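[1] the following block contains a protein sequence and its predicted model.
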Amino acid sequence: MSNTDSSSSGQQFHAMIDESLRLNEAWLAGILASAMDAIITVDETQKILLFNSAAEKMFQCPYEEALGGSLEVFIPARFRDHHQNHIKIFGETNSSQRSMGKLRPISGLRKNGEEFPIEASISQIEVDGKKLFTVIIRDISEKKRLESQFLRAQRMESIGTLAGGIAHDLNNVLSPILTAVELLQMRFSDESSQRLLNILHTNALRGSEMIKQVLSFARGVEGEYTQLQPTQLIKEIVKILVDTLPKNIEITFSIQQDLWNVSGDATQLHQVLMNLCVNARDAMPHGGKLRIEAENIDIDEHYARMNVGAHPGKYVRITVIDNGEGISDLNLNKIFDPFFTTKAHGQGTGLGLSTAASIVRSHGGFVGVYSELNRGTQFKIYLPATESVSQIAPSNLRPDLPHGNGELILVVDDESSIREIAKETLVSFGYRVLTANDGAEAMAVFAANKNEVKVVITDMMMPFMDGPATIRALRKLDPKIRIIATSGLKSNDKNSDITQLGVKTFLAKPYTAEQLLKILAETIHEG
């Protein structure tokens with residue numbers, strides 16, 4: 001072979017090697033550019049030699065600025081000593097095989113000073129006698145957020161279970177208060193007594209509604225929809241705000257005349273407006289203006305297409321306006337997400353707006369929001385209208401209550417106050433009453449008066465022998481005995497259990513004298 005041929009072959013070989021290296025470099029560059037995880041290579045002094053595009057995005061630092069700098073600028077100060085020790089041990093023990101692929105949860109530091117959770121794995125290689133370290137980093141902010149949501153959801157499930165027991169106990173407390181107040185209202189007709197009793201009655205009812213609200217949120221109990229006049233609801237909210245908000249917040253409202261009615265649950269809508277007003281208060285820590293407006297609005301096809309959840313038709317629009325700090329565009333898209341909050345840790349659950357939006361949607365409505373930083377925020381609640389503007393009958397106008405004709409009623413409840421108030425109410429309205437403090441005593445009393453007892457009113461949650469067991473035992477003695485089940489818990493499962501026991505009537509605690517008397521009269525006269 002001539003020298004010329006040998007030289008030509010050598011050139012071809014080197015050209016092939018160069019081309020192979022070029023392809024490998026292009027291939028490696030493509031991998032680094034397309035990798036979703038940050039990939040950073042540093043030398044023994046922590047000087048950055050490689051910084052891929054995912055790292056630029058993750059740490060919000062351009063490649064040109066990061067290259068040649070120290071890796072420590074992306075590590076929170078309190079972790080830097082630990083990091084140095086780890087790298088030292090890593091190099092001395094040549095532990096790359098143990099660390100390859102093993103992700104360690106630590107914290108990263110973006111260029112703007114924001115800390116965020118990361119997982120990192122590290123490997124070591126030697127090039128020309130120099131040690132190089134490559135770190136693969138994954139941003140786990142979303143993973144942590146989902147874990148936090150899951151844990152909160154578990155806590156909410158636990159709260160729901162606890163809320164059931166608490167609600168039952170609180171309803172047992174409120175039930176005799178409500179009934180006793182109504183009896184006192186009948187006995188004391190002077191203006192001063194009536195005024196005080198009305199205050200007691202109103203606040204006891206509000207306590208009852210608050211318990212329903214907790215159950216509605218924690219356990220998903222469906223609300224009771226009735227015809228509502230928003231004017232009354234808004235005026236009640238304004239009164240509460242005036243009494244409870246800081247005096248440096250000016251509160252005003254404007255309600256259109258002949259405002260249409262809506263169909264809904266008063267307690268849930270009260271919760272929606274209070275959530276919005278509390279958020280407005282928090283957005284004005286140094287005072288400001290809070291305004292509530294309500295008006296009729298007719299939504300056409302064009303308007304409906306521009307608003308998610310909207311349909312053409314007549315709506316009542318309630319707007320809550322503040323001139324507080326406002327909401328950034330970034331956060332505006334997240335405010336209705338469950339558990340999202342801009343408040344400090346421990347000051348907010350991130351559930352208020354999510355719950356409010358959910359309640360409005362369940363009423364067939366939708367929510368709109370407009371905000372400017374340092375200018376304020378407007379939340380607009382749209383509720384389908386029923387158009388009727390007839391005034392809802394005031395709650396203190398009481399119809400004539402039904403009386404008994406000497407029928408014998410057995411009241412079974414482990415709460416003595418409930419037994420005594422129920423007995424006094426029924427006796428006052430013409431009934432004879434026997435009482436029992438649990439299922440076992442109820443069986444003995446009923447067996448002795450089986451032929452006379454017209455109706456049994458029994459609590460469902462009692463020690464020793466609970467309501468269902470008592471009902472089954474009563475049915476064995478008299479399959480046709482009429483029974484009214486009572487409980488501080490109300491749910492679809494509970495109603496299903498009662499129906500399976502052959503009980504047609506359920507009375508939720510706390511109940512008023514009017515509710516007790518009406519449902520008893522209906523039970524006695526049912527076919």
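    Nice, I can see it. Residues are numbered from 1 along each chain as shown.
[2] what's across from Phe51 in the sheet?
    The partner list for Phe51 in beta bridges (DSSP bridges) reads Ile40.
[3] just to check, it is in contact with Glu64?
    No: taking Cβ atoms under 8 Å as the contact criterion, Phe51 and Glu64 are not neighbours in contact, 9.2 Å apart. C-beta here means a position set from N, CA and C on the backbone, and glycine is covered the same way.
[4] who's more crowded, those two?
    Each of Phe51 and Glu64 had its neighbours counted (other Cβ atoms under 10 Å), and the higher figure belongs to Phe51 (26 against 9).
[5] remind me which residues of the stretch 151-300 of the chain are low pLDDT?
    The stretch 151-300 of the chain contains residues with pLDDT under 70 at 152-165, 168, 210, 212-224.
[6] mind jotting down where the helices sit in it?
    Along the stretch 151-300 of the chain, the segments classed as helices by DSSP state H, counting those that start in this stretch run 191-219, 230-244, 266-282.
[7] ranking those helices by burial, who's on top?
    Counting by mean count of other Cβ atoms under 10 Å, helix 266-282 has the highest mean neighbour count of those, with a mean of 21.
[8] quick check: His86 is in a strand.
    No: per DSSP: H, G, I helix; E, B strand; the rest coil, His86 lies outside any strand segment and is helix.
[9] and it, how many neighbours does it have?
    Going by other Cβ under 10 Å, the residues that sit close to His86 add up to 16.
[10] same check, this time on Ile481
    Neighbouring residues of Ile481 were enumerated by other Cβ under 10 Å; the total is 17.
[11] then Val367?
    22.
[12] shouldn't it be within a strand?
    Yes: the assignment for Val367 (three-state DSSP) places it in a strand.
[13] show me the shaky parts of the stretch 401-527 of the chain.
    Counting by pLDDT under 70, the stretch 401-527 of the chain shows low-confidence ranges at 489-497, 527.
[14] how about the strands in it?
    When assigned using DSSP state E, counting those that start in this stretch, the strands of the stretch 401-527 of the chain occupy the ranges 408-412, 432-436, 453-459, 482-487, 505-508.
[15] which one of those strands lies nearest to Thr267?
    Each of these has some distance to Thr267 by Cβ to Cβ; the shortest is strand 505-508, at 13.3 Å.
[16] got the contact list for that closest one?
    171, 457, 483-488, 490, 494-495, 498, 515-516, 519, 522-523 (Cβ atoms under 8 Å, 6 or more residues apart in numbering).
[17] what's the answer for stretch 190-206, then?
    Contacts of stretch 190-206 from elsewhere in the structure, counted by Cβ under 8 Å, 6+ apart, are Leu174, Ile177, Leu178, Val181, Glu182, Leu184, Gln185, Phe188, Asn396, Pro510.
[18] are any of the residues you listed buried, and which?
    Buried positions within those, assessed by neighbour count (16 or more other Cβ atoms under 10 Å), are Leu174, Ile177, Leu178, Val181, Glu182, Gln185, Pro510.
[19] just checking, the fifth one touches Gln515?
    When you say that, I think you mean Glu182. No: using Cβ under 8 Å, Glu182 makes no contact with Gln515, being 9.8 Å away.
[20] returning to what we had before: want to try a markdown table for the buried ones among the contacts of stretch 190-206, with distance to Leu383 as columns?
    Below are the buried ones among the contacts of stretch 190-206 laid out as a markdown table (distance: Cβ to Cβ, whole Å):
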| residue | distance to Leu383 |
| --- | --- |
| Leu174 | 29 |
| Ile177 | 33 |
| Leu178 | 29 |
| Val181 | 32 |
| Glu182 | 32 |
| Gln185 | 34 |
| Pro510 | 28 |
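[21] tell me which of those residues is nearest to Ile39?
    Leu174 (63.0 Å).
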